[in-house]
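*Asks:* build me a model:
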Amino acid sequence: MERFGVKSAPSRNRSKTALYVTPQDRVTEFGNELHEDGGKLFCTSCNVVLNHVRKSAINDHLKSKTHTKRKAEFEEQNVRKKQRTLTASLQCNSTAQTEKSSVIQDFVKMCLEANIPLEKADHPSVRAFLSRHVKNGSSIPKSDQLRKAYLPDGYDNENQLINTEDR
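*Replies:* All right, here's what the predicted structure looks like:
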C-alpha cells in the first residue's frame with residue numbers, strides 16, 4: 001500500500017488502562033464506598049480487593065447485585081469494619097501488645113534484682129499464680145525464651161542507667 005502513497009490506519013493496540021492512577025485517587029473519586037490500605041483498593045461494604053487501574057472494573061462492581069445486597073446489609077449493621085492488609089495489621093502495635101511486653105520486661109527485671117533464677121518461671125505453681133493474679137501473666141514465656149529475647153534488653157537498659165549515673 002505504501003507504493004501508492006496510502007498509509008494504513010493507526011494501530012489500535014494501545015491499552016486503555018490508566019497508568020498513573022493510585023488507589024488513593026480512586027478513593028477520592030468514589031468517596032466512602034472504597035478505602036485504600038497498603039497500596040490496595042478495597043470495597044468497604046464487600047471487603048474485596050478491586051483493580052484500581054481500570055475504572056470500569058470498579059463501576060461494574062459497584063453496580064453488581066452482590067455489592068448492592070452487601071451494601072444494604074453493611075448499612076444496617078452500623079459497624080464500619082474496614083479490611084486491612086496483613087502488613088498493616090502486623091505493624092499496628094496495640095496497647096495489649098505493649099502491655100504484654102512491659103509485663104514481661106518487669107518480670108525479668110524483678111527476677112534479676114531478687115536473684116531468682118529464670119528457670120523458676122517454668123514451675124507449674126508459678127505459672128498458675130501468674131495466670132490467676134497478674135494481668136497478662138499467662139503471656140510470660142518460658143525461661144529459655146526469657147533468656148534469649150528479654151534478658152539482653154534488660155542488661156542493656158541497666159548498663160545505660162549505670163553509665164548515666166557514673167557521669
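*Asks:* okay, now the domains of this protein?
*Replies:* Listed by the TED database, the domain ranges of the chain are 21-81, 93-148.
*Asks:* could you dump those into JSON lines and include mean pLDDT, distance to Glu165 and mean neighbour count?
*Replies:* Where you see a C-beta, it was placed from the backbone N, CA and C, and this is true even at glycine. Putting the domains of the chain into JSON lines (pLDDT from 0 to 100; distance: least, Cβ to Cβ, whole Å; neighbours: other Cβ atoms under 10 Å) gives the following:
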{"stretch": "domain 21-81", "mean pLDDT": "85", "distance to Glu165": "45", "mean neighbour count": "15"}
{"stretch": "domain 93-148", "mean pLDDT": "84", "distance to Glu165": "16", "mean neighbour count": "13"}
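*Asks:* possible to save those as a markdown table with distance to Thr164?
*Replies:* Below are the domains of the chain laid out as a markdown table (distance: least, Cβ to Cβ, whole Å):
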| stretch | distance to Thr164 |
| --- | --- |
| domain 21-81 | 40 |
| domain 93-148 | 17 |
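*Asks:* helices or strands up against the longest helix out of those in the chain?
*Replies:* If you go by DSSP state H, the chain has its longest helix at helix 95-113. On a contact count with 3 or more Cβ pairs under 8 Å, 6 or more residues apart in numbering; DSSP states H and E, helix 95-113 meets helix 151-166.
*Asks:* mean confidence (pLDDT) on the helix it packs on, please.
*Replies:* Helix 151-166 carries an average pLDDT of 68.
*Asks:* got the CA positions of the longest helix of the chain in CSV?
*Replies:* The C-alpha coordinates for helix 95-113 follow below in CSV (Å, rounded to 0.1, in the frame of the first residue of the first chain):
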residue,chain,number,x,y,z
THR,A,95,-2.0,-1.4,73.7
ALA,A,96,-2.3,-5.1,74.6
GLN,A,97,1.0,-5.9,72.9
THR,A,98,2.8,-3.1,74.6
GLU,A,99,1.3,-4.0,77.9
LYS,A,100,2.4,-7.6,77.4
SER,A,101,5.9,-6.6,76.6
SER,A,102,6.1,-4.3,79.7
VAL,A,103,4.8,-7.1,82.0
ILE,A,104,7.5,-9.5,80.7
GLN,A,105,10.3,-6.9,81.0
ASP,A,106,9.2,-6.1,84.5
PHE,A,107,9.0,-9.8,85.4
VAL,A,108,12.6,-10.4,84.1
LYS,A,109,13.8,-7.3,86.0
MET,A,110,12.2,-8.4,89.2
CYS,A,111,13.8,-11.9,88.9
LEU,A,112,17.2,-10.4,88.3
GLU,A,113,17.0,-7.9,91.1
